[in-house]
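**Q** Need the 3D shape of this:
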Amino acid sequence: MMAVMAAVAIALATRSTHLVAALSVSGALKHEALAGARRVECLPASPVCYVAAQSGGPDGLGGVAVISVQDTSAPRLIGTTPPNQDQLRGASGIAIAPATRGRAVYVAAASASALAIVDVTDDAKPKLLGATNDTDTLNGACAVAATNVVPNFAYVAACGADAVVVVDTTDFANPAVVTRVPLSGAVDVTVAPMHSVQAAVLRASIPPVARRRRMDAAVRGIGKSGTSAAAAAAAAAAAASSNTPAREEIPVGDALVYVASGHGMRATVLKVYGEGKLLTRLGSLKDTARLDDVSSVASSVVSSSRGVFALYTTSVCKGGNVIAINVTDPMNLRVPNMGEMHAFGGFGYPTLQGAKHVAVYGDVAYVAGSAKGTVAAVDAGGLVADDVAEDELGVIDEGLAALDGLGIDAAEVLEGVTALAVASEGAALVAIVGKVAGAQEGDESVPGAFVLLE
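**A** Okay, the predicted model is just below:
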C-alpha cells in the first residue's frame with residue numbers, strides 16, 4: 001500500500017468565491033489486479049467497491065477486483081475473478097445489478113465484445129455467472145448501466161459498434177441481446193429514473209401521430225437486431241390495433257438513457273419503454289466546441305429549480321471541462337449560459353486536462369483529470385445556473401484561476417486517474433488509476449491503483 005497523504009486539486013464553479021471542498025488522500029492501494037483499471041462502482045450502504053480492470057485479473061487479461069473500504073486509511077483487495085475468463089477480457093465498464101436481482105455486477109468487456117455477469121454474493125470469490133458476446137453488436141463493449149426501475153435489463157455502450165445495446169439479464173446464466181440503437185462514437189452510458197417534470201413535458205410535447213411513428217420505428221429496429229420478423233410484425237400489428245389513448249401509445253416510461261458520444265461530439269437522450277427492452281431516441285445535441293471528445297456522462301442527473309440537468313465531461317486539446325446540459329425537455333437539449341467551467345469557445349480548464357469521468361453525489365460533481373493527475377470537486381448547482389450576470393463572470397474566472405497558484409502535485413498518486421465513485425453513502429470518494437506513475441509497459445505486471453479521498 002502506498003502511504004500517501006497529499007492535498008488534491010479543488011475546483012470552483014459557483015457564483016461566489018467559496019471553495020466546494022478540499023480533498024485529501026486518506027489511503028491508497030497499488031496492485032496488479034488493478035492494472036488498466038477503467039471503471040469503479042461502490043455498493044450503496046456497504047464498504048465494498050468493484051473495479052473493472054482492463055488488464056487486471058490473475059492472468060492480466062482483464063477481470064473484476066473487489067476492494068474493501070472499511071478502513072478508509074487502508075483499502076484492501078479482498079477478491080478477484082478467477083483466471084482464464086475469456087468473457088471478461090478487456091473489462092472496461094461495470095455496473096451493480098439492481099438490488100432486487102441479488103448480488104451481482106454487470107461487466108462490459110471490450111476485448112471479448114461481451115456483457116458478462118459476475119456473482120459477488122461472496123466478495124472474496126467473485127465468479128462468472130453468464131455472458132453474451134457478439135463481435136458485431138457488442139463490438140468493443142466499453143460501458144454499462146442498470147437501474148432498479150427496469151431491473152431485468154442492462155444498457156451497454158458498444159464503442160466498436162457505434163451503438164447502445166439493450167441486454168436482457170432476466171436469466172443471469174444466459175443474458176441475451178434484444179435490440180440496439182446506432183449511435184456514432186458512443187463511449188459512455190447511464191440510465192436514470194425519469195423526473196416527473198420530464199414526464200410532463202414529454203406527454204405535452206409528443207403529438208399522437210409522432211408517438212405512433214416512433215413506436216413503429218422502434219419495432220422495426222427490433223426486427224433488424226435479431227428478433228424474428230414474425231415477432232416484429234406481430235408487435236407492429238398489436239401497436240396498430242391498440243385502442244389505448246394516444247398518450248399511452250408510447251408509454252412515457254420510468255427511465256431515460258443518457259449517452260456520451262466521443263468522436264460524435266454529441267450528447268443523446270434515449271427513452272426506455274416496453275418494460276425496458278425498447279429504446280427510442282428523444283433528443284440529441286452536437287457541439288463541436290463544448291462536446292469535443294466527450295468521454296463521460298454522470299451516473300445520476302442533477303435537479304434544481306431551473307430544471308433537470310445531466311453532466312458530461314469533455315477532454316479537449318488544451319484542457320478539460322465539465323458541461324451541464326439541460327434535459328428538462330429530453331427532446332430539446334441545451335447548455336445554459338454558465339453550464340460549463342470555461343467560457344464558450346475556449347479550450348477547457350487546464351487543471352482538468354484529459355477529463356475522463358464525472359461522478360455526482362448530492363450537489364457536488366467530482367471530475368477526474370487524467371492528464372494532470374487531478375480530481376476536482378465542482379459545485380453542480382453553479383454549473384446549472386443560467387442567469388449569471390455578465391459582471392459576475394470575472395469573479396468565477398478569478399476563483400478558477402486561483403487553482404494554478406496552489407502548487408498542488410498529486411501525480412505520484414493520481415496520474416492517469418480514469419474514474420471516480422462515491423463509497424459508503426458519501427464516506428469517501430474513490431479514484432482509480434489504470435497505471436501507477438513510473439510503471440513501464442514492458443514490466444511483467446503493470447499495477448494500477450485504488451485511492452480514497454476525503
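**Q** quick one, strands of the stretch 1-150 of the chain?
**A** Taking DSSP state E, counting those that start in this stretch as the criterion, the stretch 1-150 of the chain carries its strands at 25-31, 37-42, 48-53, 63-68, 76-80, 91-96, 104-109, 114-119, 127-133, 141-145.
**Q** could you redo these as JSON lines and give each row mean neighbour count?
**A** Every residue, glycine included, has its C-beta placed from N, CA and C. Conversion of the strands of the stretch 1-150 of the chain to JSON lines gives the following (neighbours: other C-beta atoms under 10 Å):
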{"stretch": "strand 25-31", "mean neighbour count": "22"}
{"stretch": "strand 37-42", "mean neighbour count": "26"}
{"stretch": "strand 48-53", "mean neighbour count": "28"}
{"stretch": "strand 63-68", "mean neighbour count": "26"}
{"stretch": "strand 76-80", "mean neighbour count": "18"}
{"stretch": "strand 91-96", "mean neighbour count": "27"}
{"stretch": "strand 104-109", "mean neighbour count": "28"}
{"stretch": "strand 114-119", "mean neighbour count": "26"}
{"stretch": "strand 127-133", "mean neighbour count": "19"}
{"stretch": "strand 141-145", "mean neighbour count": "28"}
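**Q** CSV please, covering these and showing distance to Ser261.
**A** Converted to CSV, the strands of the stretch 1-150 of the chain look like this (distance: least, C-beta to C-beta, whole Å):
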stretch, distance to Ser261
strand 25-31, 33
strand 37-42, 18
strand 48-53, 21
strand 63-68, 26
strand 76-80, 32
strand 91-96, 15
strand 104-109, 16
strand 114-119, 19
strand 127-133, 23
strand 141-145, 12
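**Q** And those strands: which comes nearest Val167?
**A** Comparing these against Val167 with C-beta to C-beta, the closest turns out to be strand 114-119 (4.8 Å).
**Q** Can you spell out which helices and strands pack onto that closest one?
**A** When contacts are defined as 3 or more C-beta pairs under 8 Å, 6 or more residues apart in numbering; DSSP states H and E, strand 114-119 sits against strand 104-109, strand 127-133, strand 141-145.
**Q** can I get the CA coordinates of the last one in PDB?
**A** Backbone C-alpha positions of strand 141-145 (Å, rounded to 0.1, in the frame of the first residue of the first chain) are rendered in PDB as follows:
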ATOM      1  CA  ALA A 141     -18.300  -3.000 -25.300                       C
ATOM      2  CA  CYS A 142     -16.900  -0.200 -23.100                       C
ATOM      3  CA  ALA A 143     -19.600   0.900 -20.600                       C
ATOM      4  CA  VAL A 144     -22.700  -0.500 -19.000                       C
ATOM      5  CA  ALA A 145     -25.600   0.900 -16.900                       C
END
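**Q** who's in contact with it?
**A** Among residues not part of strand 141-145, those counted as contacts by C-beta atoms under 8 Å, 6 or more residues apart in numbering are 38-39, 92-95, 106-110, 112-115, 154-160, 165, 187-191, 257, 299.
**Q** Redo the helices and strands packed on strand 114-119 as a markdown table? Include mean pLDDT and distance to Leu311.
**A** Listed next are the helices and strands packed on strand 114-119 as a markdown table, based on pLDDT from 0 to 100; distance: least, C-beta to C-beta, whole Å:
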| stretch | mean pLDDT | distance to Leu311 |
| --- | --- | --- |
| strand 104-109 | 98 | 21 |
| strand 127-133 | 97 | 30 |
| strand 141-145 | 97 | 15 |
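**Q** Could you dump these into a markdown table with distance to Gly262 added?
**A** Conversion of the helices and strands packed on strand 114-119 to a markdown table gives the following (distance: least, C-beta to C-beta, whole Å):
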| stretch | distance to Gly262 |
| --- | --- |
| strand 104-109 | 15 |
| strand 127-133 | 23 |
| strand 141-145 | 10 |
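**Q** Out of the ones you listed, flag the one nearest His357.
**A** Put simply, out of those the one that sits nearest His357 is strand 141-145, at 10.4 Å, with distance taken as C-beta to C-beta.
**Q** Report the strands that pair with the closest one, each with its relative direction.
**A** With DSSP bridges as the test, strand 141-145 is paired with strand 153-158 (antiparallel).
**Q** Send over the next helix or strand after the strand it pairs with as CSV, restricted to the C-alpha atoms.
**A** Tracing the chain C-terminally past strand 153-158 and defining elements by DSSP states H and E, one meets strand 163-168 next. Output in CSV follows, covering the C-alpha atoms of strand 163-168 (Å, rounded to 0.1, in the frame of the first residue of the first chain):
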residue,chain,number,x,y,z
ALA,A,163,-24.3,1.7,-30.7
VAL,A,164,-26.2,1.4,-27.5
VAL,A,165,-27.3,-2.1,-26.9
VAL,A,166,-30.0,-3.5,-24.6
VAL,A,167,-29.3,-6.8,-23.0
ASP,A,168,-32.0,-8.9,-21.2
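**Q** In its sheet, which strands sit next to strand 163-168, and in what direction?
**A** For strand 163-168, the pairing partners within the sheet under DSSP bridges are strand 153-158 (antiparallel), strand 176-182 (antiparallel).
**Q** what's the angle from that strand to strand 127-133?
**A** With axes from the mean of the first three to the mean of the last three C-alpha atoms, to 10 degrees applied, the angle from strand 163-168 to strand 127-133 works out at 130 degrees.
**Q** Just the residues contacting strand 163-168, thanks.
**A** Residues beyond strand 163-168 that count as contacts (C-beta under 8 Å, 6+ apart) turn out to be 115, 132, 137-138, 141, 152-158, 175-183, 186, 189, 257, 259, 270, 276-279.
**Q** Recalculate using a threshold of 6 Å.
**A** Judged by C-beta atoms under 6 Å, 6 or more residues apart in numbering, the contacts made with strand 163-168 from elsewhere in the structure are 115, 137-138, 153-154, 156-158, 175-183, 186, 189, 259, 277.
**Q** Give me the buried positions along it.
**A** Ala163, Val164, Val165, Val166, Val167, Asp168 (16 or more other C-beta atoms under 10 Å).
**Q** Save these as CSV, and put in pLDDT too.
**A** Formatted as CSV, the buried residues of strand 163-168 follow (pLDDT from 0 to 100):
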residue, pLDDT
Ala163, 96
Val164, 97
Val165, 97
Val166, 97
Val167, 97
Asp168, 97
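**Q** Tell me if I'm right that Val191 and Leu256 touch.
**A** No. Val191 is not in contact with Leu256 according to C-beta atoms under 6 Å; the separation is 7.1 Å.
**Q** Same drill for the two, tell me which one is more crowded.
**A** Set side by side, Val191 and Leu256 give different neighbour counts by other C-beta atoms under 10 Å, the larger being at Leu256 (28 against 24).
**Q** that older thread, will you turn the buried residues of strand 163-168 into CSV that also has distance to Pro44?
**A** Shown next, in CSV, are the buried residues of strand 163-168 (distance: C-beta to C-beta, whole Å):
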residue, distance to Pro44
Ala163, 29
Val164, 25
Val165, 26
Val166, 24
Val167, 22
Asp168, 24
